[in-house]
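>>> Generate a structure from the sequence data that follows.
(chains A and B)
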Protein chains: 2
Amino acid sequence: MIKGVLLDLSGVLYTGDEVLRGALTSIERLDNENVPVRYLTNTTRSPRSAILKKLSRMGFDIDEGDLFTAPVATYNYLSAKNLSPFLLVHPDLEPEFSGLIRDRKDAVVVGDAADGFSYAHMNSAFRLLMEGATLLAMGNNRYFREADGLSLDIGPYVAALEYAADTKAIILGKPAPGFFHAAVESIGCSPGQTVMVGDDVKSDVIGALEAGLQGILVRTGKYRQGDEDQLEGKGLCLDNISAVTDWILEKYS
Amino acid sequence: MIKGVLLDLSGVLYTGDEVLRGALTSIERLDNENVPVRYLTNTTRSPRSAILKKLSRMGFDIDEGDLFTAPVATYNYLSAKNLSPFLLVHPDLEPEFSGLIRDRKDAVVVGDAADGFSYAHMNSAFRLLMEGATLLAMGNNRYFREADGLSLDIGPYVAALEYAADTKAIILGKPAPGFFHAAVESIGCSPGQTVMVGDDVKSDVIGALEAGLQGILVRTGKYRQGDEDQLEGKGLCLDNISAVTDWILEKYS
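Sure, this is the predicted structure:
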């Protein structure tokens, strides 16, 4: 029985700027049946406002409160712990952190900095870690799919800094259980009654399963043949969001 | 009983361009007593010829055949396996690989690329690995000491690529046992009669201990207080190369 749905965005509803076939209809069908849906993304190249604008331009009508992003979770963590961040993030994302103290640098925040992952920036982050700064990461995804192929995501750079400074990052996006649970709580059902749908077998699906949710891997986005073997029978693997919607509407009550 | 000595270079004999106190005298004392010494370095910012020139300028008179470098070990590996490399190395090192076929790119070679560790280069390497290229690394050192502080070495970038492509690198410098053993064999004694001296507790000392050698950590170079705790009583920790030389001359026969 399913009472709530969590959807990853990139690779499930769209790739790059292109809506995936059946995605708009799927969201409409879930909406018509009043299935509670929340959207979870580790995408850290754009602030929440830009993601909402992009979704709206594509034809998805999503409330701000239904969109859970890793940068917002990270901001909340820094704010609650009164930490001052050194930002290894995409320049478009920097304004999201403007409300915080920036004078101490007692936390290193890793987002998808892309070209900002220069040797000089990585070295600055490393030196702060060696002085005792906390390492925070907005996810640990290995890669994502771009128009011209697979590209390195946050995870490899987090692994580099963990290895260099002999430390362990605190993950604040998927697959951190707290990130899934915050979305589940906003629906008001239990983790076991909620299904997480994503194209990243580790971060989306295995992460959700380990947090006590159900999980479905889609064969779109960054999916590569054989990824489902990692599920060891514990999650489902379906072709795309349309097939997922059929499955959900059958189980929803 | 000691019959041979392996010395790391940077952090043991010099830091940056500065000879460490007592280093020249130490090498002279070992030489006067005919102690066989080999030099092992993972430094991959310069070709072997430039390292020899630098040593000579500093006053160290070392034969080319006594200098074991990770790039030379890597070249030999590529050549023996007929592999064509994609080079993620320092530009000064590229000529060392000019003798190899460069058209296929069925191996990714990671050296200390420094500013060459750009997102674009790392991404190219990652895509080759996802297509099945072999990952070769000229060491897995975490960091080294520069004039202005600690800096990221090869290891973190190897960790990043291993994590991204879900693969394991073949290490061709320290702490690979084969690298230590090649130097030991050139002396003609056994690993247990040989002592490795370095400032990197993992790559130099623990690596050597695991390869069956004796190991001494020096408190110079990148050494940080408490590093010796990682030895768990299995290796020695001495102040500097002068103290090491005293120790060696007492045990040499």
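
>>> now the farthest one out in chain A, which residue is it?
residue A:131 (29.1 Å; C-alpha atoms, centre = their mean).

>>> Would you mind naming what in the stretch 101-250 of chain A lies close to chain B?
A:113-120, A:122-123, A:126-127, A:130, A:142-143, A:149-153, A:155-157, A:159-166 (C-beta under 8 Å from any C-beta of the partner chain). (Glycine included, C-beta is placed from N, CA and C.)

>>> hmm, which of the residues you listed are the buried ones?
A:113-114, A:116-117, A:119, A:122-123, A:126-127, A:130, A:142-143, A:150-153, A:155-157, A:159-165 (16 or more other C-beta atoms under 10 Å in any protein chain shown).

>>> My guess is residue A:114 contacts residue A:90. True?
Yes: between residue A:114 and residue A:90 there is a contact under C-beta atoms under 8 Å: 5.9 Å.

>>> Spit out the residues that contact those two alike.
Listed as contacting both residue A:114 and residue A:90 by C-beta atoms under 8 Å, 6 or more residues apart in numbering or on different chains are residue A:45.

>>> Would you check how far apart the residue nearest to residue A:84 when sequence neighbours are not counted and residue A:182 are?
Closest residue to residue A:84 apart from its sequence neighbours, by C-beta to C-beta, 6 or more residues apart in numbering or on different chains: residue A:104 at 3.8 Å. Distance of residue A:104 to residue A:182, computed by C-beta to C-beta, to the nearest Å: 27 Å.

>>> more crowded one of the two?
Applying other C-beta atoms under 10 Å in any protein chain shown to residue A:104 and residue A:182 shows that residue A:182 carries more neighbours, namely 16 against 13.

>>> check which helix or strand covers that one.
Per DSSP states H and E, residue A:182 falls inside helix A:177-187.

>>> Show residues contacting that helix.
By C-beta under 8 Å, 6+ apart, helix A:177-187 touches A:3-4, A:6, A:36, A:38, A:40, A:65-66, A:68, A:70, A:73, A:171-174, A:190-191, A:194, A:196, A:207-208, A:210-213.

>>> 7 Å instead?
With contact meaning C-beta atoms under 7 Å, 6 or more residues apart in numbering or on different chains, helix A:177-187 is reached by A:4, A:6, A:36, A:38, A:40, A:68, A:73, A:172-173, A:191, A:194, A:196, A:207-208, A:210-211, A:213.

>>> Stretch A:47-63 too?
Outside stretch A:47-63, the residues that reach it (C-beta under 7 Å, 6+ apart) are A:13-14, A:19, A:24, A:27, A:39, A:41, A:43, A:64, A:67, A:69, A:71-72, A:92-93, A:95-96.

>>> Ok, stretch A:117-135 next?
A:83, A:86, A:88, A:105-108, A:157, A:160-162, A:164-165, A:167, A:169-170, B:114-115, B:117-119, B:149-152.

>>> I'd like to know which of those are part of helices.
When DSSP state H defines the helices, the subset of the contacts of stretch A:117-135 inside them is A:157, A:160-162, A:164-165, B:119.

>>> And residue A:128, which helix or strand is it part of?
Using DSSP H and E, the element containing residue A:128 is helix A:119-130.

>>> thinking again about what came up before, just the contacts of helix A:177-187: which are in helices?
Using DSSP H, the contacts of helix A:177-187 in helices are A:73, A:207-208, A:210.

>>> Including pLDDT and neighbour count, could these go into JSON lines?
Below are the ones in helices among the contacts of helix A:177-187 laid out as JSON lines (pLDDT from 0 to 100; neighbours: other C-beta atoms under 10 Å in any protein chain shown):
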{"residue": "A:73", "pLDDT": "91", "neighbour count": "23"}
{"residue": "A:207", "pLDDT": "96", "neighbour count": "27"}
{"residue": "A:208", "pLDDT": "98", "neighbour count": "29"}
{"residue": "A:210", "pLDDT": "97", "neighbour count": "13"}
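
>>> from these, which is closest to chain B?
residue A:207 (15.6 Å; C-beta to the nearest C-beta).

>>> ok, that closest one - contacts?
Contacts of residue A:207 (C-beta under 7 Å, 6+ apart): A:174-175, A:180.

>>> let's go with 10 Å and repeat that
If you count contacts by C-beta atoms under 10 Å, 6 or more residues apart in numbering or on different chains, residue A:207 has them with A:40, A:139-141, A:171, A:173-177, A:179-180, A:196, A:198, A:200-201, A:213, A:215.

>>> Give the ChimeraX command for selecting the buried subset of these.
Buried residues within the contacts of residue A:207, by 16+ other C-beta under 10 Å, are selected in ChimeraX with:
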select /A:40,139,140,141,171,173,174,175,176,177,179,180,196,198,200,201,213,215
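
>>> Next step: the contacts of residue A:207 restricted to strands.
In strands, defined here by DSSP state E, the members of the contacts of residue A:207 are A:40, A:171, A:196, A:198, A:215.

>>> Lowest pLDDT pick from the residues you listed?
On pLDDT alone, residue A:171 ranks lowest of those, at 94.

>>> For the residue nearest to residue A:245 when sequence neighbours are not counted, grab phi and psi.
Distances taken as C-beta to C-beta, 6+ apart place residue A:26 nearest to residue A:245, at 4.1 Å, with adjacent residues excluded. The phi and psi values for residue A:26, taken as degrees, to the nearest 10, are phi -60, psi -50.
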